[in-house]
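Student: Sequence first, then the predicted structure:
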Amino acid sequence: MGLLSEVLLLPLAPVRGSAWVIRQVMREAERIYYDPATIRAELASLEEQLEAGEIDEEEFDRREDELLERLETAAGVQQRGGFG
């Protein structure tokens, strides 16, 4: 039955292959997005923007909260063993 189902599902191979590629891209994007080093670099950049007067205190606080929330999520993901 396995060979027959593979032959019948052969026309769907490009769709299955595309779905696999999309999953891999999403996994890598999440890994980068939740990488603690990336988040810390963004926090440092945010602080530089505040000191340079490019953003105000309110914008700094809002974006800092978002980054700290991402950092917290990243710690939880690492404890669970990463993405995937």
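Tutor: Received, thanks. Numbering: from 1, shown residues only.
Student: Any regions of this structure where pLDDT drops low?
Tutor: Along the chain, segments meeting pLDDT under 70 span 1, 82-84.
Student: Grab the most central residue of it for me.
Tutor: residue 30 (1.8 Å; C-alpha atoms, centre = their mean).
Student: Can you report how many residues neighbour the spatially closest residue to residue 46 that is not a sequence neighbour?
Tutor: Once flanking residues are discounted, residue 46 sits nearest to residue 63: 5.6 Å by C-beta to C-beta, 6 or more residues apart in numbering. To be clear about C-beta, it is placed using only N, CA and C from the backbone, and glycine gets the same treatment. By other C-beta atoms under 10 Å, the residues close to residue 63 number 17.
Student: Give the other helices and strands that whichever helix or strand residue 63 is part of contacts.
Tutor: Per DSSP states H and E: residue 63 is located in helix 57-80. Packing partners of helix 57-80 (3 or more C-beta pairs under 8 Å, 6 or more residues apart in numbering; DSSP states H and E): helix 36-51.
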